[in-house]
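A.B. asks: generate coordinates for the sequence data below:
(one chain, ligands or ions: 2)
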Amino acid sequence: MTVKDILAAIQSPDSTSEDFAALPLPESYRAITVHKDETEMFAGLATRDKDPRKSIHLDDVPLPELGPGEALVAVMASSVNYNSVWTSIFEPLSTFGFLERYGRTSELAKRHDLPYHIIGSDLAGVVLRTGPGVNSWKPGDEVVAHCLSVELESSDGHNDTMLDPEQRIWGFETNFGGLAEIALVKSNQLMPKPDHLSWEEAAAPGLVNSTAYRQLVSRNGAGMKQGDNVLIWGASGGLGSYATQFALAGGANPICVVSSDQKAEICRSMGAEAIIDRNAEGYKFWKDENTQDPKEWKRFGKRIRELTGGEDIDIVFEHPGRETFGASVYVTRKGGTITTCASTSGYMHQYDNRYLWMSLKRIIGSHFANYREAWEANRLIAKGKIHPTLSKVYSLEDTGQAAYDVHRNLHQGKVGVLCMAPEEGLGVRDHEKRAKHIDAINRFRNV
Ligand SMILES: C/C=C/C(=O)SCCNC(=O)CCNC(=O)[C@H](O)C(C)(C)COP(=O)(O)OP(=O)(O)OC[C@H]1O[C@@H](n2cnc3c(N)ncnc32)[C@H](O)[C@@H]1OP(=O)(O)O
Ligand SMILES: NC(=O)C1=CN([C@@H]2O[C@H](COP(=O)(O)OP(=O)(O)OC[C@H]3O[C@@H](n4cnc5c(N)ncnc54)[C@H](OP(=O)(O)O)[C@@H]3O)[C@@H](O)[C@H]2O)C=CC1
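C.D. replies: Ligands and ions are numbered 1, 2, ... in the order given. Below you'll find the model as predicted:
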């Protein structure tokens, strides 16, 4: 049995769940990996010069054993997330440390501690097998998977699954990720595939859409409300393209920061009106490596006031980190919120705390999304209220180039990867719903 036979079953309209259950599984499959013996390959290089094309491999790997509560999924498509960029440049840490730590927790978790790491935290595909104790999903189900892996043995995570002490991001802190022909997930990661989308479109939103949902909309994040002025860094990027949609759909007023005309145009076409081109306007928040320039924060704040009719920011959607954080704290209004989920430009932030405490602002840390938030975020995609922001699609062989594009900020929105899917555009089940939203679905394509 080979991956080709699985693909044939997926492509046949007559395949039943019993057919999928009866398909023998292959002994090995193709997967995107990084190698443990290469973690030092970029030692001494600047972050920018670490090239994912050199560290990312396409290997044949053995099929992992299926455990209780788990599912093996035939992956039709996946997408590149920035966490795979971090993995491929071994920053801020090598992810093999995460796999070793996970491997020490149980006999079953030992499977994850391997000399190769199969990466990727998104997928759209078809369930092949489920482990003992899985009743809600069966072979043949068309699914997407969110990337929250939790054990839930501690009460700490019982109210908000992100607070589980054994919380991990699948395909980053666990093995057997989505950039592969077959992936291993916990069955609680599975959600119905939005039926009006192709495989690659369905695989694009997962991680970033769920993260933006918690960070901006959920009460666990900023709890955005109608009329809020929301400053969105990287508004046409992975996270930002969903944050912008949430702001618009929720009656808020996004102030979109981008770095080119083309990106400004995409934001405009989503419906945003207030747009700042940080490149054209030349903000320099840092005078040198250690000193920020409050005059530049003020210039940025004045620009925001021009765009809002004199109002300041209720919520900052932060992720660039060190480079922007001082400005983000400054431009937030009294009582406003800075919500952060990342530090792409550096994690040692500096800001003037007087502007935080004297103006009663709050900084909220946010990370991915709990089970329920991920489900709610996927539901919005399925209902056609929020749309994928897929720009370009690569083959599995070219994943290194795809990760390079994201690392170098050469992309827009999300970059997709075809895994088992032989071409783009397959997997659409509800053509009527698709036709209704086709312009929005294609907004980021080939820009
Ligand atoms: C969904 C997508 C998301 C993204 O894309 S996010 C972006 C990518 N992700 C990242 O860049 C994050 C990568 N991860 C990390 O950099 C590290 O992962 C962390 C900095 C988050 C954590 O560092 P670590 O060293 O892994 O863990 P420790 O919690 O510092 O534990 C080390 C030891 O320190 C002890 N410890 C923890 N807190 C305390 C405390 N408050 N007082 C005293 N000790 C403490 C622990 O127990 C443990 O100890 P023991 O080594 O013996 O097990
Ligand atoms: N904690 C979590 O759960 C999650 C964290 N992340 C993290 O968030 C970060 C962003 O992810 P994602 O949105 O997918 O990445 P993308 O690269 O797709 O988008 C980020 C955008 O941010 C802007 N940007 C980058 N650097 C700077 C800078 N120095 N100053 C201002 N703007 C900047 C760029 O837009 P432009 O050039 O147009 O301004 C870029 O397009 C990554 O570090 C990622 O690891 C992502 C998802 C989940």
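
A.B. asks: CA only for contacts and neighbour counts going forward, please
C.D. replies: OK.

A.B. asks: looking at this structure, which strand is longest?
C.D. replies: strand 70-80 (DSSP state E).

A.B. asks: which neighbouring elements make contact with the very next helix or strand once past it?
C.D. replies: Stepping forward along the backbone from strand 70-80, the first helix or strand reached (DSSP states H and E) is helix 82-89. For helix 82-89, the packing partners by 3 or more C-alpha pairs under 8 Å, 6 or more residues apart in numbering; DSSP states H and E come out as helix 52-55, helix 399-407.

A.B. asks: what about the helices in the stretch 1-150 of the chain?
C.D. replies: 3-11, 17-22, 52-55, 82-89, 96-103 (DSSP state H, counting those that start in this stretch).

A.B. asks: and stretch 150-168, end to end?
C.D. replies: 6 Å (C-alpha to C-alpha, to the nearest Å).

A.B. asks: touching it from outside, list them.
C.D. replies: Here stretch 150-168 makes contact (C-alpha atoms under 8 Å, 6 or more residues apart in numbering) with 148-149, 174, 367-371.

A.B. asks: I'd like the average pLDDT over that stretch.
C.D. replies: The average pLDDT for stretch 150-168 rounds to 98.

A.B. asks: rewinding a little: wait, which of the helices of the stretch 1-150 of the chain is closest to His349?
C.D. replies: Nearest of the helices of the stretch 1-150 of the chain to His349, taken as C-alpha to C-alpha: helix 82-89 at 18.7 Å.

A.B. asks: ligand 1 contacts on this protein?
C.D. replies: Contact residues, the chain versus ligand 1 (C-alpha under 6 Å from any ligand atom): 82-83, 92-93, 169, 207, 342, 368.

A.B. asks: rerun that using 8 Å as the cut-off
C.D. replies: 81-84, 86, 91-93, 97-98, 121, 147-148, 169, 172, 207-208, 211, 341-344, 367-368 (C-alpha under 8 Å from any ligand atom).

A.B. asks: my read: Leu7 touches Leu426, true?
C.D. replies: No: Leu7 is not in contact with Leu426 according to C-alpha atoms under 8 Å; the separation is 11.9 Å.

A.B. asks: neighbour count winner among the two?
C.D. replies: More crowded of Leu7 and Leu426, by other C-alpha atoms under 10 Å: Leu7, with 18 against 15.

A.B. asks: quick check: pLDDT value at that one.
C.D. replies: 97.

A.B. asks: that one: what's it in contact with?
C.D. replies: 420-421.

A.B. asks: quick one: name the residues of the stretch 301-447 of the chain near ligand 2.
C.D. replies: 319-324, 340-345, 366-369, 406-407, 409, 411-414.

A.B. asks: residues near Asn290, how many?
C.D. replies: 7.

A.B. asks: from Met348, how far out is it?
C.D. replies: Distance from Asn290 to Met348, by C-alpha to C-alpha: 11 Å.

A.B. asks: low pLDDT regions in the stretch 201-350 of the chain?
C.D. replies: For the stretch 201-350 of the chain, no stretch is flagged by pLDDT under 70.

A.B. asks: can you pull out the strands in it?
C.D. replies: 229-232, 253-258, 274-277, 286-288, 291-292, 313-318, 332-340 (DSSP state E, counting those that start in this stretch).

A.B. asks: centre of the chain versus the fourth one, how much separation?
C.D. replies: If I follow you right, that is strand 286-288. Relative to the centre of its chain, strand 286-288 is centred 31 Å away, using C-alpha atoms, centre = their mean, to the nearest Å.

A.B. asks: with the longest one instead?
C.D. replies: Offset of strand 332-340 from its chain centre (C-alpha atoms, centre = their mean): 23 Å.

A.B. asks: just the first one next, same as before
C.D. replies: For strand 229-232, the gap between its own C-alpha mean and the chain's C-alpha mean amounts to 20 Å (C-alpha atoms, centre = their mean).

A.B. asks: quick one: list the elements packing against it.
C.D. replies: Counting by 3+ C-alpha pairs under 8 Å, 6+ apart, strand 229-232 packs on helix 238-249, strand 253-258, strand 313-318.

A.B. asks: Throw these into a markdown table and include distance to Phe444 and mean neighbour count, thanks.
C.D. replies: A markdown table is the format used below for those (distance: least, C-alpha to C-alpha, whole Å; neighbours: other C-alpha atoms under 10 Å):
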| stretch | distance to Phe444 | mean neighbour count |
| --- | --- | --- |
| helix 238-249 | 10 | 25 |
| strand 253-258 | 15 | 26 |
| strand 313-318 | 21 | 27 |
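
A.B. asks: can you add distance to Gly125 and give these back as TSV?
C.D. replies: What follows is those, written out as TSV (distance: least, C-alpha to C-alpha, whole Å):
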stretch	distance to Gly125
helix 238-249	21
strand 253-258	33
strand 313-318	31
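
A.B. asks: any idea which of those gets closest to Asn442?
C.D. replies: Comparing the helices and strands packed on strand 229-232 by C-alpha to C-alpha, helix 238-249 comes nearest, at 13.2 Å.

A.B. asks: quick one: that closest one to helix 399-407, angle?
C.D. replies: 60 degrees (axes from the mean of the first three to the mean of the last three C-alpha atoms, to 10 degrees).

A.B. asks: ok now helix 238-249, how far from the chain's centre?
C.D. replies: For helix 238-249, the distance to the chain centre is 13 Å (C-alpha atoms, centre = their mean).

A.B. asks: next one: it, is it in contact with ligand 2?
C.D. replies: Yes: applying C-alpha under 8 Å from any ligand atom, one finds helix 238-249 in contact with ligand 2 at 238-241.

A.B. asks: same question, stretch 194-214
C.D. replies: Yes: Stretch 194-214 is in contact with ligand 2 by C-alpha under 8 Å from any ligand atom, via 207-208, 211-212.

A.B. asks: for that stretch, C-alpha coordinates in CSV please.
C.D. replies: C-alpha atoms of stretch 194-214 as CSV (Å, rounded to 0.1, in the frame of the first residue of the first chain):
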residue,chain,number,x,y,z
PRO,A,194,-15.0,24.2,5.7
ASP,A,195,-16.8,22.6,2.8
HIS,A,196,-16.7,25.6,0.4
LEU,A,197,-12.9,25.7,0.4
SER,A,198,-10.2,23.8,-1.5
TRP,A,199,-7.7,21.7,0.6
GLU,A,200,-5.0,24.4,0.4
GLU,A,201,-7.5,27.2,1.3
ALA,A,202,-8.9,25.2,4.2
ALA,A,203,-5.3,24.6,5.5
ALA,A,204,-4.3,28.2,5.5
PRO,A,205,-6.2,30.0,8.3
GLY,A,206,-6.0,27.4,11.2
LEU,A,207,-3.1,28.6,13.4
VAL,A,208,-3.1,32.3,12.7
ASN,A,209,-6.9,32.7,12.6
SER,A,210,-7.3,31.0,16.0
THR,A,211,-4.5,33.0,17.5
ALA,A,212,-5.9,36.3,16.2
TYR,A,213,-9.3,35.3,17.5
ARG,A,214,-8.1,34.7,21.0
